[in-house]
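**Q** Need coordinates for the below:
(one chain, ligands or ions: 1)
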Amino acid sequence: MEISKCKSYRDLSNLVADVIEYILALPESKLVLPTGSTPTGLYKELVNRELDWSNVTTYNLDEYVDNTIQNQSYRYFMMENLFKHTNIDDDNIYFPGDTAVWPDMNYGVGVDLCLLGIGGNGHIAFNEPGSSFESETRMVDLTEETIKDNSRFFPTIDDVPTQAITMGLKPIMSSKRIIIMANGKHKKDILEQAMYGDITEDIPASILQTHTNMEAFYCD
Ligand code: F6R
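**A** Residues are numbered from 1 along each chain as shown. Next comes the predicted model:
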C-alpha cells in the first residue's frame with residue numbers, strides 16, 4: 001500500500017475527478033461521497049467537466065441529527081457544491097436517515113466507488129476512534145475533537161450538532177473500490193499511521209489497509 005503524493009491540491013482533485021468520470025460513464029453506477037473541505041476542489045472540477053450524471057446513484061457518508069442550522073446540513077452542502085450543478089436525478093440522491101426503513105442495512109452497500117476524507121483523529125465518515133470494524137450504518141455521538149473541528153462551519157460551537165448518522169465501517173469496506181483523500185500537512189501523520197501503522201479500531205481508517213482495491217491520495 002502506497003500513499004500517492006500529488007503535486008498540488010488541484011492535481012489531487014483532477015486525479016480523483018478522472019476516476020469519477022470513468023465511473024459515471026458506466027451504464028449504471030453507485031457512488032459513496034463525502035462532505036467536508038477536502039472534496040470541494042474535486043466537486044468544482046466535476047462541475048466544470050459538465051459530465052452526465054443521469055446513470056448514477058449517490059449515497060452520502062453521513063448526515064447530522066437535529067441540526068438547526070439548515071445551510072450546514074450535509075444535504076445542503078452537496079446540493080450547493082455539486083448536485084444542483086449537474087443533471088443527477090433527485091430520486092437518485094441518498095443521505096443516511098432518508099430511507100423509509102431505518103436503520104437500512106443495505107444503505108450504500110457494494111458501490112462501485114467510495115470516496116473518503118480522513119479526520120484528524122483517523123475517523124472515516126463519522127466512525128470515531130473505538131468504532132467496531134464490524135459497525136453498520138447507525139446513529140453516533142460525535143467526539144469533542146470532531147465537534148471542535150466542525151465548529152469552523154457554524155456560528156458558534158454550541159450550534160454544532162452532537163450526533164450524526166453515519167455509514168458504518170462494514171458497508172464502507174464492502175465497496176468495490178475505495179479512495180481516501182487528505183489535503184494538508186496537518187493530515188500527513190494521521191494518514192501515514194492509518195495506511196502504514198497497526199490496524200486498530202483506535203484509528204478507524206486503518207481498516208482500509210485490508211481492502212484489496214484502495215488508493216490514498218495526499219497533497220500538502
Ligand atoms: C464528511 C466525512 C468526514 C470528513 C473528515 C475530513 O462527510 O465523512 O469523515 O471526511 O472529517 O473532513 P475535512 O475534509 O473537512 O478535513
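
**Q** ok, and the closest non-adjacent residue to residue 94?
**A** Setting aside the residues directly before and after it, residue 94 is nearest to residue 59 in space (CB to CB, 6 or more residues apart in numbering), at 4.8 Å. Quick note: C-beta positions are derived from backbone N, CA and C, even for glycine.

**Q** what sits up against the helix ranked longest in the chain?
**A** In the chain, taking DSSP state H as the definition, the longest helix is helix 9-24. Applying CB atoms under 8 Å, 6 or more residues apart in numbering, the contact partners of helix 9-24 are 4, 6, 29, 31, 41-42, 44-46, 49, 51-53, 55-56, 112-113, 115, 179, 181, 183, 217-219.

**Q** just checking, which of those belong to strands?
**A** Among the contacts of helix 9-24, the ones falling in strands (DSSP state E) are 4, 29, 31, 56, 113, 115, 179, 181, 183, 217-219.

**Q** circling back to that earlier point, sort out which residues of the longest helix of the chain are buried, please.
**A** Neighbour counts using 16 or more other CB atoms under 10 Å place 9, 12-13, 15-17, 19-20, 23-24 of helix 9-24 among the buried residues.

**Q** Residues of the protein that sit close to the ligand?
**A** Residues of the chain lying close to the ligand by CB under 6 Å from any ligand atom are 34-38, 61-62, 117-119, 123-125.

**Q** out of the ones in strands among the contacts of helix 9-24, who's nearest residue 149?
**A** Nearest to residue 149 out of these is residue 183 (CB to CB; 13.9 Å).

**Q** In contact with the closest one, which residues?
**A** Going by CB under 8 Å, 6+ apart, residue 183 touches 9, 12, 37-38, 41, 218-219.

**Q** what separates the residue nearest to the spatial centre of the chain from residue 61, distance-wise?
**A** Among the residues of the chain, the one closest to the centroid is residue 34, at 2.6 Å (CA atoms, centre = their mean). Distance of residue 34 to residue 61, given as CB to CB, to the nearest Å: 5 Å.

**Q** Which of the contacts of helix 9-24 are buried? Put it as a ChimeraX command.
**A** A single ChimeraX command selects the buried members of the contacts of helix 9-24 (16+ other CB under 10 Å):
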select :6,29,31,41,42,44,45,46,51,53,56,112,113,115,179,181,183,217,218,219
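
**Q** on that earlier part again, quickly check the contacts of residue 183 for the two that are furthest apart.
**A** Checking these with CB to CB, the most distant pair is 37 and 218, at 14.6 Å.

**Q** I'd like to know how far residue 201 sits from residue 49.
**A** 38 Å.

**Q** try residue 110
**A** As judged by CB to CB, residue 110 and residue 49 stand 26 Å apart.

**Q** By mean pLDDT, which helix or strand of this protein comes out lowest?
**A** For the chain, counting by mean pLDDT, DSSP states H and E, helix 144-150 ranks last in confidence among helices and strands (a mean of 87).
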